[in-house]
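below are the sequence and a predicted model for it; my questions follow.
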Amino acid sequence: MKNLLRSTLIAAAVFGFGVRCQMAQSDPQAEILGYIRGHLKAGQPVRVTDLYNSVFTTPEDHAALDKLYKDFFRIPTFVAQYQQRFSTPPSLKTIAEQFALQTPEEADTLLRVMETDPRVPKFITRNPATGEISRVDVEMIRNDPRFAQGAAHELGGWVGRTAPIFNLMGADDKRLSSAGLDGKAVLLYVWFTGCPPCMKEAPKLARIQREFRAKGFEVVGANADDLLGLDVSDQARQRYAEKEGITFPIVHWNKESDQAYGNISIYPTLFLINRQGRITGHWVGFTSPATLREAVARTVAEPSGKQ
């Protein structure tokens, strides 16, 4: 762990990034974003390798840099999906919530990194007074080779498809697979710890599970913390589940399943799968309990032989 007081000066006179001085306890991600915000220069890309090798050098720093690097490529896909799903751009607050950032200002910093990098297409327009996104060029994101695959693969078209198989590890080292749930209706709930809409959704899903479990229904809580590079322990997730009365299984969402289910970029994402393994419902973001309950009731009522 980082020391509470780190007074070492780490020099890095490369590509405009100067000296880092840490004098107090700080979250690595917040510290990195604060440092970047203070050193951004128009037309000069942020070089992650320089930060990694010369400025932020501890294992905790490297883990935070890795997560932010992934976020850099995931945010455009998320923005495009959000625009298409809700017909409006996401707010800085929403971006912060989706990418486990502490404040809207941190989301603004990541957008500024993209805006100052001449290699990144100008896919958003922002309100100069508020910094909020006012326009999204979805086609530009879809046509950029760095972002196109994720943007194209994740957008809609899930209902009616055969659900991809999954094989996920739980905190108890026991695996939960789609094959092991054969014959049940399943709500696959993909989430991460601290995501506000996820925290709002989960207790309601627990109530729906209790209502329909005797009819052959199961919620699977596929947690993406590890995939997203978030430092949250199994014990912390278990304490959260106990506090909220969550009894459905919580397992680790992995890269293979994430790719099979469209490289998820909006949390939570939910897939309702019928007894024949076909997707009958798909939702992104917080979904009302009434909507979910109606869909679950309809799915569990399907005759077992229905195709």
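Nice, I can see it.

name the nearest residue to D225, sequence neighbours excluded.
V232 (4.5 Å; Cβ to Cβ, 6 or more residues apart in numbering). To be clear about C-beta, it is placed using only N, CA and C from the backbone, and glycine gets the same treatment.

for D66, same thing?
G229 (5.6 Å).

which residues are in contact with the one you found?
By Cβ atoms under 8 Å, 6 or more residues apart in numbering, the residues touching G229 are 63-64, 66-67, 70.

counting contacts, what elements does whichever helix or strand L65 is part of pack onto?
If you go by DSSP states H and E, L65 is part of helix 59-86. The contact analysis (3 or more Cβ pairs under 8 Å, 6 or more residues apart in numbering; DSSP states H and E) places helix 59-86 against helix 28-39, helix 92-98, helix 104-116, strand 133-136, helix 138-143, helix 148-154.

swap the cut-off to 7 Å and go again
Identification of packing neighbours for helix 59-86 by 3 or more Cβ pairs under 7 Å, 6 or more residues apart in numbering; DSSP states H and E yields helix 28-39, helix 104-116, strand 133-136, helix 138-143, helix 148-154.

output those as a markdown table; include the columns distance to M199.
Putting the helices and strands packed on helix 59-86 into a markdown table (distance: least, Cβ to Cβ, whole Å) gives the following:
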| stretch | distance to M199 |
| --- | --- |
| helix 28-39 | 19 |
| helix 104-116 | 18 |
| strand 133-136 | 24 |
| helix 138-143 | 28 |
| helix 148-154 | 23 |
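
tally up the residues packed near L292, please.
L292 sits with 21 neighbouring residues when counted by other Cβ atoms under 10 Å.

and it, what pLDDT?
On pLDDT, L292 comes in at 96.

for S91, same thing?
98.

show me what contacts it?
By Cβ atoms under 7 Å, 6 or more residues apart in numbering, the contact set of S91 is E132.

and the nearest residue to K122 once chain neighbours are set aside, how many residues sit next to it?
Distances taken as Cβ to Cβ, 6+ apart place E115 nearest to K122, at 7.3 Å, with adjacent residues excluded. For E115, the neighbour count with other Cβ under 10 Å is 16.
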